[in-house]
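S.K.: please find the sequence and the predicted model below.
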Amino acid sequence: MDRKKCCVVGVIGLGAMGYGMASSLKKADFDVVGFDPAETARSRAKDAGVAVLDTPEAVFEAADVIVLSLPTASHVERVVNDAMAAGCLSNGLPSKVVIDTSTSEALISRKLAAMLEAEGHGFLDAPVSGGPSGAAAGKLSVMLGGAENRVKEAMPVLEAMAANILHVGQSGAGNVAKLVNNMLVANHMITTREALRLAETSGVSAETALKVINSATGRSAISEIHFPTWVIPRSFDSGFSTGLMRKDLRLARELAAESGTATPMADLAAELWDESLSGLKDEDDFMLMGDPNLEIAPSEEKK
């Protein structure tokens, strides 16, 4: 597949992440079509040169590679099933590859990959890290699960969206890798917040403590990037919601239950992330969990 011009890429889900990926693909000289149910997302994509179509099925029909950026595994499954029912992924059509960038579920990804492969098409679970800014800059990190030949077919599109592409195994492996990553993010957010709060109450500013942490062994992407960018300036506008983090923690714990793996820290983190203890609503930016002024310790009534 030649990277330039001969490949039409479809993007379904033109929110913050999908819009960024569509923009990066346009900059890489791909013809890009897209769909989103929200008019604001559609208008913004049109302004960026994306040919916005009327339905997801129209995107599947027009594109050679289809990128999904959707909230949950159920959305992904429904969109693919609807495309199958409409005949957009029938056997005998030129081969298409679906790249699912959502943080989804391994079992569903494996089912969809098998279903599409039987019809002569490919499905890759390809959850991403890097946020809207990484998507817009084409600098995402992608964790890929899927067959080697399908990864090769999709690579020109992936290279336009991502700086780091890690093929971690067969279908579902990308989902597993992303969930364990986000499980760590959820834990790091709480522990970094607690460390900075302890520093401040003991007479060392959060800014100074962060300099020490980020030059020592306690550092993480949360301390190096997220806190200096969104917590210390108190902007709390990373573009990733508390509800999505709760979903990822739930999926990680379900994965642990399925494999019989104990995750006591993740279990505690899930409790602390819950609205009943944190007071944060699903629509709140997840960076608010790092606010040193947020009281998340269980009260006596909640114990």
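M.R.: Looks like it arrived, so ask away. Numbers count the residues shown, from 1 in each chain.
S.K.: rest of the way, CA atoms for contacts and neighbours
M.R.: Noted.
S.K.: contacts for whichever strand or helix holds residue 254 next, please.
M.R.: Counting by DSSP states H and E, the element that carries residue 254 is helix 242-259. Contacts with helix 242-259, where a contact means CA atoms under 8 Å, 6 or more residues apart in numbering, come from 71, 103, 105, 179-180, 182-183, 186, 262-263, 266-267, 270, 273-274, 280-287.
S.K.: so which helix or strand of the protein has the lowest pLDDT on average?
M.R.: Lowest on mean pLDDT, DSSP states H and E among the helices and strands of the chain sits helix 131-137, with a mean of 90.
S.K.: elements contacting that one?
M.R.: On a contact count with 3 or more CA pairs under 8 Å, 6 or more residues apart in numbering; DSSP states H and E, helix 131-137 meets helix 16-27.
S.K.: and the closest residue to residue 227 other than its chain neighbours, what does it touch?
M.R.: Excluding the flanking residues, the one nearest residue 227 by CA to CA, 6 or more residues apart in numbering is residue 290, at 7.4 Å. Counting by CA under 8 Å, 6+ apart, residue 290 touches 189-190, 192-193, 227, 231.
S.K.: quick one: low-confidence parts of this protein?
M.R.: The model of the chain has pLDDT under 70 over residues 1-6, 297-303.
S.K.: need the strands for it, in chain order.
M.R.: 8-12, 31-35, 51-52, 65-68, 97-100, 122-125, 128-129, 140-145, 162-169 (DSSP state E).
S.K.: neighbouring strands - and their directions - for the fourth one?
M.R.: In the sheet containing strand 65-68, the strands it pairs with under DSSP bridges are strand 8-12 (parallel), strand 97-100 (parallel).
S.K.: and the contacts of helix 242-259, which of them are in helices?
M.R.: Residues of the contacts of helix 242-259 located in helices (DSSP state H): 179-180, 182-183, 186, 266-267, 270, 273.
S.K.: which of those residues sits closest to residue 17?
M.R.: The shortest approach to residue 17 among these belongs to residue 182, at 16.5 Å (CA to CA).
S.K.: could you find the closest non-adjacent residue to the closest one?
M.R.: Closest to residue 182 by CA to CA, 6+ apart is residue 248, at 6.6 Å.
S.K.: quick revisit: so can I have a markdown table of the strands of the chain showing distance to residue 207 and mean neighbour count?
M.R.: Converted to a markdown table, the strands of the chain look like this (distance: least, CA to CA, whole Å; neighbours: other CA atoms under 10 Å):
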| stretch | distance to residue 207 | mean neighbour count |
| --- | --- | --- |
| strand 8-12 | 40 | 27 |
| strand 31-35 | 42 | 25 |
| strand 51-52 | 45 | 20 |
| strand 65-68 | 38 | 26 |
| strand 97-100 | 38 | 26 |
| strand 122-125 | 38 | 29 |
| strand 128-129 | 25 | 23 |
| strand 140-145 | 27 | 26 |
| strand 162-169 | 30 | 17 |
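S.K.: nearest to residue 25, of those strands?
M.R.: Short answer: strand 31-35, nearest of the strands of the chain by CA to CA, at 7.0 Å.
S.K.: what is that closest one packed up against?
M.R.: Counting by 3+ CA pairs under 8 Å, 6+ apart, strand 31-35 packs on strand 8-12, helix 16-27, strand 51-52, helix 56-62.
S.K.: go again using 10 Å as the cut-off
M.R.: Helices and strands touching strand 31-35, by 3 or more CA pairs under 10 Å, 6 or more residues apart in numbering; DSSP states H and E, are strand 8-12, helix 16-27, helix 39-47, strand 51-52, helix 56-62, strand 65-68.
S.K.: what strands line up against it, and which way round?
M.R.: Strand 31-35 has its sheet partners listed here by DSSP bridges as strand 8-12 (parallel), strand 51-52 (parallel).
S.K.: CA atoms only: put the longest one into PDB for me.
M.R.: Taking only C-alpha atoms (Å, rounded to 0.1, in the frame of the first residue of the first chain), the coordinates of strand 8-12 have been written out as PDB:
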ATOM      1  CA  VAL A   8      -8.500   6.500   1.300                       C
ATOM      2  CA  VAL A   9      -8.600   6.500   5.100                       C
ATOM      3  CA  GLY A  10     -11.800   6.700   7.000                       C
ATOM      4  CA  VAL A  11     -12.100   8.000  10.600                       C
ATOM      5  CA  ILE A  12     -15.200   7.200  12.500                       C
END
